[in-house]
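Enquirer: Below is the structure, and that's it, no one-letter string:
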């Protein structure tokens, strides 16, 4: 596992939180859930299949998260890693409700 990719994924979520410093408690819980599930997904793919999840994979999946949640339409992104990550987030977020 490339330590730079791991650090990059965490930094990406840190940047998002910094932009929204005034975020309420629920936004902070949401961010923590996304970070935790992303790192879990990343580790799972790497350990089981030797696949590395990149910061770019996370960014592209993030681009589709809000539209997918707001419309209920989960697109196929044409990339196994990005699709899997988006679906994992949506599954975890909908199970929170």
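Expert: That came through fine. A quick note: this is a predicted structure, and the numbers were derived from the prediction, not measured.
Enquirer: alpha carbons only for contacts and neighbour counts from here, please
Expert: Will do.
Enquirer: how close does the nearest residue to residue 74 once chain neighbours are set aside get to residue 41?
Expert: Closest residue in space to residue 74, ignoring its immediate chain neighbours: residue 68 at 5.0 Å, by Cα to Cα, 6 or more residues apart in numbering. Distance, residue 68 to residue 41, using Cα to Cα, to the nearest Å: 19 Å.
Enquirer: next one: residue 28
Expert: Going from residue 28 to residue 41 by Cα to Cα gives 20 Å.
Enquirer: which residue is nearest the middle of the protein?
Expert: Centroid-nearest residue in the chain, with Cα atoms, centre = their mean: residue 38, separated by 4.6 Å.
Enquirer: Show the contacting residues for that one.
Expert: Residues in contact with residue 38 (Cα atoms under 8 Å, 6 or more residues apart in numbering) are 58, 85, 89.
Enquirer: quick one: which of those has the most company?
Expert: In terms of neighbour count, residue 85 stands highest of the contacts of residue 38 at 23 neighbours, by other Cα atoms under 10 Å.
Enquirer: I'd guessed that one sits against residue 39; true?
Expert: No: the criterion here is Cα atoms under 8 Å, and residue 85 misses it with residue 39 at 10.1 Å.
Enquirer: Pull out the buried residues from stretch 60-80.
Expert: Across stretch 60-80, burial judged by 16 or more other Cα atoms under 10 Å covers 60-62, 64-65, 68, 74.
Enquirer: how long is that stretch from one end to the other?
Expert: End-to-end distance (Cα to Cα), stretch 60-80: 12 Å.
Enquirer: Which one's more surrounded, residue 28 and residue 41?
Expert: Taking neighbours as other Cα under 10 Å, residue 28 and residue 41 compare with residue 41 leading, 18 against 15.
Enquirer: and the next element down the chain from the lengthiest helix in the chain?
Expert: The residue-count maximum for a helix in the chain (DSSP state H) belongs to helix 25-49. Per DSSP states H and E, helix 25-49 leads on to helix 55-71 as the next helix or strand towards the C-terminus.
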